[in-house]
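J.: Pasting the sequence and the predicted model now:
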Amino acid sequence: MRNIYVFHGVNLHLLGVREPDIYGNKSLDELNAKMVAMGADNGLEIECRQTNHEGEMIDWITQLKPTDFLILNAGAWTHSSYALYDAIKGVNVPTVEVHISNIYAREGFRSHSLIAGACLGQISGLGTDSYLLALAYALEYQKYRDNKGVESPEGR
């Protein structure tokens, strides 16, 4: 079975504390526990990590294998890091970009994702459920790829 990783970027350790009107009251530990439980319900281990250091995030990404799956909330790096884009493209790991808030309904600079072009898709604006929907997709993606030998349910 393939590995599913959830990487949280800059400032996401502040979930439940930082701007709860935007990001909600759930802590990062609570979110991770929900992700791990959802994985366990499907017979998978989900590995969750958080960092405030861009180089560390790049190291994590570049250690992944093409058979892995990445759920990534890069936080503010979404709008500023060509290096994350290059890392994702470099390892060819199926990746879903997630955001808790609707980045298109916020400040103008947030509506442009530099990493979107390296990702299969993006889920944003649904609170921490954005992660759970990305995980549900990852589970289906993995199952389809394992059973059919193609890259995604859409045939990409």
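T.: Yes, it's here.

J.: can you give me phi and psi for the residue lying closest to residue 68 once chain neighbours are set aside?
T.: Leaving aside its sequence neighbours, residue 68 sits nearest to residue 3 (C-beta to C-beta, 6 or more residues apart in numbering; 4.6 Å). (Each C-beta comes from the backbone N, C-alpha and C, glycine too.) As for residue 3, its main-chain torsions (degrees, to the nearest 10) stand at phi -100, psi 140.

J.: what do you get for residue 80?
T.: Residue 80 adopts backbone torsions of phi -140, psi -10, taken as degrees, to the nearest 10.

J.: surely it meets residue 115?
T.: No: taking contacts as C-beta atoms under 8 Å, residue 80 lies outside contact range of residue 115: 10.0 Å.

J.: between those two, which one's more packed in?
T.: Per other C-beta atoms under 10 Å, whichever of residue 80 and residue 115 has more neighbours is residue 115, with 23 against 15.

J.: so who does that one touch?
T.: 72, 74, 77, 78, 81, 84, 85, 88, 97 (C-beta atoms under 8 Å, 6 or more residues apart in numbering).

J.: Repeat that for residue 124.
T.: Taking C-beta under 8 Å, 6+ apart, we find residue 124 in contact with 97, 98, 99, 100, 101, 102, 103, 104, 130.

J.: List phi and psi for the spatially closest residue to it that is not a sequence neighbour.
T.: Counting by C-beta to C-beta, 6+ apart, residue 99 is the residue found nearest to residue 124 once chain neighbours are left out, at 3.7 Å. The phi/psi pair for residue 99 (degrees, to the nearest 10) reads phi -140, psi 140.

J.: can you check residue 96 too?
T.: Recorded main-chain torsions at residue 96 are phi -110, psi 130, according to degrees, to the nearest 10.

J.: Next secondary structure after the strand or helix carrying residue 38?
T.: Element membership for residue 38 (DSSP states H and E) is helix 28-41. Using DSSP H and E, the helix or strand that directly follows helix 28-41 along the chain is strand 46-50.

J.: Each with direction, which strands does that next one pair with?
T.: strand 4-8 (parallel) (DSSP bridges).

J.: Residue 131 is in contact with residue 98, correct?
T.: Yes: counting by C-beta under 8 Å, residue 98 touches residue 131, with 5.5 Å between them.

J.: mind showing which ranges of the chain have poor pLDDT?
T.: Scanning the chain for pLDDT under 70 picks out 1, 20, 23-24, 104-107, 109-111, 148-156.
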